[in-house]
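> requesting a structural model of the entry that follows:
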Amino acid sequence: MSEQPARPVRIRPSIPGPAIPIKSMLAASLLALVVGGLAFVWFVLRVEVDANEILVLVNKTGRDIPRELRDEIGDQVILYPKLVERIAAVTGESEEDIRSGYKGIQYNVYAEGRYFFNPYFYKRLKVPATLLDQGEVGVRIRQYGRPLPFPKTVATESDERGPVAEILGPGRHNVNPFAYQVQRFKAALIPEGHVGVVTLLSGIAPKQSNTYTVEPGEKGVQRRTLPPGLEYYNPYLMQIEIVDVRSQKYDMLAEEAIFFPSGDSFTITIEGTIEWAIRPDHVAEVTVAYGDKENILEKIILPNARSIARIQGSKLKAREFISGRTRTAFQDKLLAELRQECWSQGIDIRAALVRDIHPPQEIARLISQREQADQEIERFTNQMKEAIAEAQLVEQQELQNQNKAIGEMRRDVVTVVKEAEQRKGVAITRANRELEVARLNLEAAEKEAAAIRSRGKAEADVVLFEYQARAEPLQRAVAAFGDGVAYAQQFFYQKVAPSIQTILTDTEGPFGDVFRELQSVRRSPQRSGGER
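Residues are numbered from 1 along each chain as shown. Sure thing, here's the model as predicted:
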């Protein structure tokens, strides 16, 4: 194969690309730095504390606790407030710098929320919050500080180790689990009819020794009791004993019955019931001195009941215990003395009932027959008394009926008298009214008569004055003619003359008689005057 000559290789010059501006590079670097910082904060530093959680921080870096304090506190790593104060006193640093600049567990915790802490400096621990249900009480057991001095049972100082006196009620509590351990207890439920006797396990020493109860705040049994209800308390600080203060009944039957000899040496058996209760103001003393209700029965009630029954029973004879009246009297004495004896010991005896009294069988039948005979006699006596009482009642009823009838008659008489007096009063009132009316009518009539007289006299005077006015001209005319006859003739002639035209010559007729009469009348006064 023939060799071919090599072709020459052409090298093309490279074309340079566009240059990147320096400002863009700086901007990109800055953006990457910001994004990286935000990512570091968000994904590394961020801590999300959910609901019902708390956050506890542990300082991983920093200074160690001073040696002079380390030997005293031992292996405790909680930076509690009292320790921070002591470190500040030794080193002179501020308390805030000590909390963040020393190794150990921080005392304060953080509730739910979002926080940012560097995991290089802090160990971040999320723990559940303490949740207490209704009816629960929480007691914090402090895990740091000085041991409790004897005989204290609870920590009352802020740097004492052990149970804390203050309790936690129902609800949520943000408790640092490295500083405290929370123990849960049930609250004391004191039902109705009961009280709580409180015993303080820690407190001041009692001022008076050898007493059942102490003053408030002193160590021992408290005199004041707790009323019914739900009581939240610290079991390390106090104890509560629930005591029943309701009425209790004890039946003394069969083997528990009371046996004693009677006054005539026969054995009497009494069965009964005692109702009692602890006095509310002496519950604490009775509980401490005697104990529960069984002890109260054995130490107070039964010994006193047996003693009083024997003393009172020895004063009576066997046959007297069958009688109902004797049994009632014996029961009343037993109740009165038993109540007096037990009251001073803090027990209220509310009733002591004798159910049955068993006398000896050898005399029970004879005593029962005699008792029945006595009862028959008493029954007949009572019947006689009832008959007498019924007769007296009938007599009293008849007397009452008689008195009632007399009373009704007296009421009728009084009613008639009252009605007569009322009618008399009405008649007198009517007569007085009529008399007053008649008197007023009389006065009116008198005034009317006077008015009539005055009016008649005035009218008469008017007529008189009118006639006098008419008579005076006539009188003067008559006086002018001499007398009335002449005036009458003149008046007559004046009236008649114009009417007469012919005068009859015959003087013997009626017309002539008229003139003759006038002439005779005229002569008569003259003749009479001559005679006078």
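
> how close does Trp185 get to Val214?
Actually, residue 185 is Phe. It isn't Trp. As for Phe185, its distance to Val214 is 24 Å (criterion: CB to CB, to the nearest Å). (Glycine included, C-beta is placed from N, CA and C.)

> hmm, I was thinking of Asn382
62 Å.

> do the same with Val496
The spacing between Val496 and Val214, counted by CB to CB, is 166 Å.

> so which residues of the stretch 251-400 of the chain form helices?
283-290, 293-296, 302-313, 324-343, 361-481 (DSSP state H, counting those that start in this stretch).

> please dump the ones you listed into a markdown table; it should also carry distance to Thr91, mean neighbour count and mean pLDDT for every row.
Shown next, in a markdown table, are the helices of the stretch 251-400 of the chain (distance: least, CB to CB, whole Å; neighbours: other CB atoms under 10 Å; pLDDT from 0 to 100):
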| stretch | distance to Thr91 | mean neighbour count | mean pLDDT |
| --- | --- | --- | --- |
| helix 283-290 | 53 | 21 | 92 |
| helix 293-296 | 62 | 16 | 90 |
| helix 302-313 | 72 | 18 | 86 |
| helix 324-343 | 69 | 16 | 83 |
| helix 361-481 | 99 | 11 | 81 |
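
> could these go into a markdown table alongside distance to Asp50?
Below are the helices of the stretch 251-400 of the chain laid out as a markdown table (distance: least, CB to CB, whole Å):
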| stretch | distance to Asp50 |
| --- | --- |
| helix 283-290 | 49 |
| helix 293-296 | 53 |
| helix 302-313 | 65 |
| helix 324-343 | 63 |
| helix 361-481 | 86 |
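
> so which of those helices is nearest Trp276?
helix 324-343 (7.1 Å; CB to CB).

> burial of Ala351, as a residue count?
14 (other CB atoms under 10 Å).

> what's near enough to touch it?
Going by CB atoms under 8 Å, 6 or more residues apart in numbering, Ala351 touches Thr273, Ile274, Glu275, Leu335.

> go again with 6 Å.
By CB atoms under 6 Å, 6 or more residues apart in numbering, the contact list for Ala351 reads Glu275.

> do the same with the one 3 residues further on
Contacts here follow CB under 6 Å, 6+ apart; on that basis Val354 touches Gly272, Arg327, Gln331.

> try 7 Å this time
Val354 makes contact with Ile270, Gly272, Arg327, Phe330, Gln331, according to CB atoms under 7 Å, 6 or more residues apart in numbering.

> same question, Pro280
Counting by CB under 7 Å, 6+ apart, Pro280 has contacts Val245.

> and the gap between it and Gly196?
In terms of CB to CB, Pro280 sits 12 Å off from Gly196.

> okay, Gly272 and Ala438: tell me how far apart.
Taking CB to CB as the measure, Gly272 falls 98 Å from Ala438.

> cool, Leu200 as well?
109 Å.

> now do stretch 72-91: everything it contacts.
Contact partners of stretch 72-91, identified using CB under 7 Å, 6+ apart, comprise 65-66, 68-69, 94-95, 98-99, 102, 104-107, 144, 158-159, 178-179.

> buried ones among these?
Ile65, Ile98, Arg99, Tyr102, Gly104, Ile105, Gln106, Tyr107, Tyr144, Asp159, Phe178, Ala179 (16 or more other CB atoms under 10 Å).

> tell me who's in contact with the closest residue to Lys123 other than its chain neighbours.
Counting by CB to CB, 6 or more residues apart in numbering, Lys123 lies nearest to Val58, which is 3.9 Å off, once chain neighbours are set aside. By CB under 7 Å, 6+ apart, Val58 lies in contact with Ile105, Tyr122, Lys123, Leu125.

> need the max-distance pair from those residues.
Ile105 and Tyr122 (10.5 Å).

> distance of Ile105 from Gln372?
Distance of Ile105 to Gln372, given as CB to CB: 94 Å.

> and Ala480, by the same measure?
The spacing between Ala480 and Gln372, counted by CB to CB, is 156 Å.

> how about Lys123?
Distance from Lys123 to Gln372, by CB to CB: 99 Å.

> who are the packing partners of the helix or strand Glu96 falls within?
Assessed by DSSP states H and E, Glu96 sits inside helix 95-101. The contact analysis (3 or more CB pairs under 7 Å, 6 or more residues apart in numbering; DSSP states H and E) places helix 95-101 against helix 81-91.

> show the low-confidence segments of the stretch 1-150 of the chain, by residue range.
The stretch 1-150 of the chain contains residues with pLDDT under 70 at 1-20, 74-76.

> tell me where it has helices.
22-40, 67-73, 81-91, 95-101.

> test my guess that Ile300 contacts Trp343.
No: the pair Ile300 / Trp343 is not scored as a contact, 10.6 Å apart, by CB atoms under 7 Å.
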